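1. Fold the following, please.
(one chain, ligands or ions: 2)
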Amino acid sequence: MIDSNGRFWRGENFDDLVEYLREFQPGGYPVEHVNELTCPECAGGTFYVEADDTEGAALARCAACQTIQYIADSVDYADEADLVECACPCANETFAIAVGYALRHDQEIRWISVGLRCIQDGILGVYADWKIDYSPSRHLLTTAV
Ligand SMILES: [Zn+2]
Ligand SMILES: [Zn+2]
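-> Ligands and ions are numbered 1, 2, ... in the order given. From the prediction side, this is the model:
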């Protein structure tokens with residue numbers, strides 16, 4: 001259950017984060033597909049996150065084994081991006097990650113969003129979201145490289 005009473009919305013689990021993303025509608029588009037990010041090396045689900053919301057790029061660093069994943073097409077923009085460490089309003093920097101996708105009518109991807117749930121206190125947020133204006137783009141549904 002999402003607790004939306006306070007200044008920040010809080011969630012208890014991944015489903016709450018998904019609900020938050022759907023409610024938030026990053027870019028103004030309905031989120032039709034959501035992936036939970038897990039570490040390909042150790043299957044961990046807690047990450048440090050660096051994001052550039054202007055350029056539209058984000059990377060996740062596994063809190064357990066330090067493996068880095070670039071979210072969606074972020075690796076293509078990493079050179080130009082000014083990636084900044086994400087921090088919760090509570091100052092904690094470890095998160096569970098949901099990658100949200102809005103789709104076009106032809107099922108290509110329109111918009112990507114990075115939703116984070118603070119491991120410490122459950123505060124939910126969208127820390128980066130960006131437009132996808134090329135196709136084919138369906139391969140981005142695999143989330144990260
Ligand atoms: Zn790991
Ligand atoms: Zn927090």
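2. C-alpha only now, for contacts and for neighbours.
-> Fine.
3. Any idea which residue is closest to the centre of this protein?
-> Taking CA atoms, centre = their mean, the centroid of the chain lies closest to Val114, which sits 1.9 Å from it.
4. can you give me the helices for this structure?
-> 14-24 (DSSP state H).
5. circling back: so for the residue nearest to the centre of the chain, what's the nearest residue that isn't a sequence neighbour?
-> Val99 (4.8 Å; CA to CA, 6 or more residues apart in numbering).
6. How about Ser74?
-> Ser74 sits nearest to Ala57 (CA to CA, 6+ apart), 4.5 Å away.
7. Just list the residues touching the one you found, thanks.
-> 51, 70-71, 73-75, 77-78, 81, 83, 128-130 (CA atoms under 8 Å, 6 or more residues apart in numbering).
8. same deal with Glu41?
-> Cys65, Thr67.
9. Got the phi and psi for it?
-> As for Glu41, its main-chain torsions (degrees, to the nearest 10) stand at phi -90, psi -50.
10. re earlier: per-residue pLDDT of the residue nearest to Val114, please?
-> At Val99, the pLDDT value in this model is 96.
11. do you know how far it is from Glu32?
-> 11 Å (CA to CA, to the nearest Å).
12. And the pLDDT at Ala60?
-> pLDDT, read off for Ala60, is 97.
13. and it, what are its bridge partners?
-> Beta-bridge partners for Ala60, by DSSP bridges, are Val49, Gln69.
14. which bits of this structure sit near ligand 2?
-> Cys88, Cys90, Cys118, Asp121 (CA under 5 Å from the ion).
15. How about the residues of the protein by ligand 1?
-> So the chain meets ligand 1 at Cys39, Cys42, Cys62, Cys65 (CA under 5 Å from the ion).
16. Next step: these restricted to strands.
-> Under the assignment DSSP state E, these contribute Cys62 to strands.
17. Just the buried residues of the residues of the chain next to ligand 1.
-> Cys39, Cys62 (16 or more other CA atoms under 10 Å).
18. can you count the residues close to the closest residue to Glu55 other than its chain neighbours?
-> Nearest residue to Glu55, sequence neighbours excluded (CA to CA, 6+ apart): Ala81, at 5.7 Å. By other CA atoms under 10 Å, the residues close to Ala81 number 18.
19. got the contact list for Ala81?
-> Asp52, Glu55, Gly56, Ala57.
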